[in-house]
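[1] I would like to see how this sequence folds:
(chains A and B)
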Amino acid sequence: MAKSKTYIEDIERTLYDVRDENRPRFRSGTGLSEEIVRDISRRKQDPAWMTELRLASLAVYHETPMPAWGPDLSSLDMDRIATYVQPDAVMAGRWEDVPEEIRGAFDRLGIPEAEKESLAGVGAQYDSEVVYHSIQSSLTKQGVIYTDMETALREHEEIVREHFMKLVPPRDHKFAALHGAVWSGGSFVYVPAGVEVKIPLQSYFRLNAPGAGQFEHTLIIVEKGASLHFIDGCSAPKYNVTNLHAGCVELYVREGARLRYSTIENWSRNMMNLNTKRALVEAGGLIEWVSGSFGSRVSMLYPTSILSGEGARCEFTGVTFAGRGQHLDTGATVLHAAPRTSSVIHTRSISKDGGAAVYRSGVKIAAGAKGAKCSVNCDSLMLDDESRSDTIPVMDVREDDADVGHEAKIGRISDEAIYYLTSRGISEDEARAMIVRGFVEPIAKALPLEYAVEMNNLINLELEGARR
Amino acid sequence: MTAEKEIVYDRIPVPTWRWLGVNEVRVPAAVFRDAPIQRLVTIPAGETREMTVVCRSEAAFEFRAELGPEAELRLTRVRLSPEGTPCADKVKATLAENARLVYTAVELGGDGAADLLDVDLAGDGSRADVAAFYFADGRQRLDMNYRIRQRGKRTDATLVVQGGLSGEAEKNFRGTLDFARGAAGSAGRERETVALLSPKAVNRSAPLMLSGEAEVDGRHATSVGRLDEEKLFYLTSRGLSPADAKRLIVLAAAAPVLDRLTDGALADEIRSQIEGRLSDG
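    Numbering: from 1, shown residues only, chains lettered A, B, ... in the order given. Predicted structure coming up:
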């Protein structure tokens, strides 16, 4: 059989690349200084402890070196990044009250429609501030809190203070410190013990301003025996200057609780996505990560699960699609710190047109985590010779009563599979299409239907049968 | 091991998080108090050589092989240094078209032992067949960094590593299959199986796979855990003591590697040392 290569359409970005006309009410100066950080804190009317946390984080940022591993970040110049851009809008509880040009961005992305059809609550952030937040009244009556972080800081200060940047301390790495200094916006969710939130909540983050950063903070607490599905989505129009996303997600999954955290990340190709996500899972709890990474020029994203209680579990399902000019370094880390904890990591990556997809993971089984189990499976598909695909997994096992397995594959679409399908009457083009769709299917299956459709739209697997 | 001065002897090809402790291979500076013993072997086109290197006391040993087209090297390296002796072994091989390296390594010795392998499958159709067994106990520290670079077309690499860790032993194994752009039609398989025989042993495994070429078939698998309980149950139900059953299972894991040794006396010596150390443990 003659060698041929599948041509896979690049991600359809038209929808996301529309630039909105909203002029910000305030835009901080570029760069990072104590003056700028104090100004952000003053504008946000932070309590004193938060101002101190910001300033302490800034000091850590300045003394922490850039990562000595991973993608090249040399083009990131903080002196050209505006860390706070306040949109010309106040937070609204009705879409009608959101300024039209801002609402247009979310309308195009189908967020208000999704809220009507399939969501129990929605948060929408535009540049540095949340402009819309809603939650079904039935959930409010059960004690569920879903609001923006600034409101949470005012109305639930003690809870926020107890948890804020405790899982991801500013000293964790340089961009955690940056986040601590200039964070703005994000969502706060509190689910009381025993409450099952059966319909997902979704926060959507839109960065419209060129040369700006977005540093939203998401804090979710799911109390004992409760459950929640939370979805976050991100996008931005493309500019010729670098934008930066250094958000932070802290998830607390209490005893016997269950949290599914789904992300469809589709930042524009001028974005540096240096996001940090971490979950602490207590006894019998479950964290499920579903992660789709499609956008950004550079991405460094490795959700971490700390399984701190007996029988705590983690499931990570991820897909990464790296096209031209993209270096997407993604993966997961898991710390098994208690007996009979278990984790499953399942990833798929596709690289094409010179894109680089890197799977990176760290699994640690601590001494005493008797009966811990971990299974890792990562497969990579390369669609041409210009691209790269690397897997960099590390397992650190300090307990003999543990079972850790890792499997990985790198390759292209197999000739044998094509031969098998074509010998059964399927055209070669359709056979290739089936194989690529099948490759990402395990991930699509983990998403709610409407988001699986969104993912398929993102990948836009229109296999044209074009040969190169 | 005492906290004496260390040097960075080698690095992982692509660094990762420092907290995982696998980016650098460090060895005690004392290893290089004397100059390393070095060997350079050139194997002409079409010829076959078989060599066995047993390191019993030398602190550092560096072996370099250059294989011409169609040449074959069957190299066995065994490290049996006395307890407490830091050591470092480095094997590098470059293969021309259709050359073949059959490399067998047994790592039993030293405290603060570094074991490096760097194979360059530069020629089209070149092949590497690597099998290694290690056993560490007491407070031994073993640091392994194996890398097979597949640069030629239709190269083939197999990397199979088995080992056991007892006592408070600590081991790092980094195994990298690195497919360069242009290595079309190449295949690489890597498998590591680690048996943990003690709750205080520490194992780190980093099976890397790097690829700049689409038309390759790369696979790796790692399995870390305690001895197979079904096997243990079977053997003890037939009258073996748990200690004897454990010994038998570890020796069985070593068998595929030891079977490749042509020196029967050396294989017996290795078996005997493993048995003795398992009895002590």
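[2] okay, now B:Pro82: neighbour count?
    Here the count is done by other C-beta atoms under 10 Å in any protein chain shown, and B:Pro82 has 11 residues near it. Using the backbone N, CA and C atoms, a C-beta is placed for each residue, glycine as well.
[3] roughly how far apart are it and chain A?
    Using C-beta to the nearest C-beta, to the nearest Å, one obtains 27 Å as the distance from B:Pro82 to chain A.
[4] Tell me the confidence at that residue?
    pLDDT recorded at B:Pro82 is 75.
[5] tell me the contacts of it?
    B:56-57, B:109 (C-beta atoms under 8 Å, 6 or more residues apart in numbering or on different chains).
[6] so what pLDDT did the closest residue to chain A within the stretch 51-200 of chain B get?
    Residue of the stretch 51-200 of chain B nearest chain A, by C-beta to the nearest C-beta: B:Leu196 (3.8 Å). In the predicted model, B:Leu196 carries a pLDDT score of 93.
[7] and the residue nearest to it when sequence neighbours are not counted, how many neighbours?
    Once its chain neighbours are removed from consideration, B:Leu196 has its nearest residue in A:Asp400; the separation is 3.8 Å (C-beta to C-beta, 6 or more residues apart in numbering or on different chains). When neighbours are defined as other C-beta under 10 Å, A:Asp400 has 22 of them.
[8] ok so A:Asp400 is a strand residue?
    No. Counting by DSSP: H, G, I helix; E, B strand; the rest coil, A:Asp400 is not found in a strand; it is coil.
[9] Please list the residues of the stretch 1-150 of chain B that sit near chain A.
    B:14-23 (C-beta under 8 Å from any C-beta of the partner chain).
[10] burial measure for B:Lys5, as a count.
    Neighbours around B:Lys5, by other C-beta under 10 Å: 8.
[11] Quick check: the gap between the closest residue in space to it that isn't next to it in sequence and chain A.
    Of all residues beyond its chain neighbours, the one nearest B:Lys5 is B:Ala29 (4.4 Å), with distances taken as C-beta to C-beta, 6+ apart. The spacing between B:Ala29 and chain A, counted by C-beta to the nearest C-beta, is 23 Å.
[12] Need phi/psi at B:Ala29.
    Note on B:Ala29: backbone dihedrals following degrees, to the nearest 10 are phi -60, psi -30.
[13] element containing the residue nearest to the spatial centre of chain A, please.
    The geometric centre of chain A, computed from its C-alpha atoms, lies nearest to A:Thr263 (C-alpha atoms, centre = their mean), at 4.8 Å. Assignment of secondary structure by DSSP states H and E places A:Thr263 within strand A:258-266.
[14] Give the pairing partners of that strand; include direction for each.
    Each strand pairing with strand A:258-266, determined using DSSP bridges, is listed with its direction: strand A:227-235 (parallel), strand A:286-293 (parallel).
[15] Outside of the longest one itself, list whatever touches it.
    Okay, so that is strand A:227-235. Residues from elsewhere that reach strand A:227-235 (C-beta under 8 Å, 6+ apart): A:16, A:109, A:119, A:187, A:189, A:191, A:195-197, A:199-207, A:218, A:220, A:222, A:245, A:249, A:257-268, A:295, A:448, A:451.
[16] Quick one: mean pLDDT for the helix or strand following that strand?
    If you walk from strand A:227-235 toward the C-terminus, the next helix or strand you reach (DSSP H and E) is strand A:243-245. What strand A:243-245 shows for mean pLDDT is 91.
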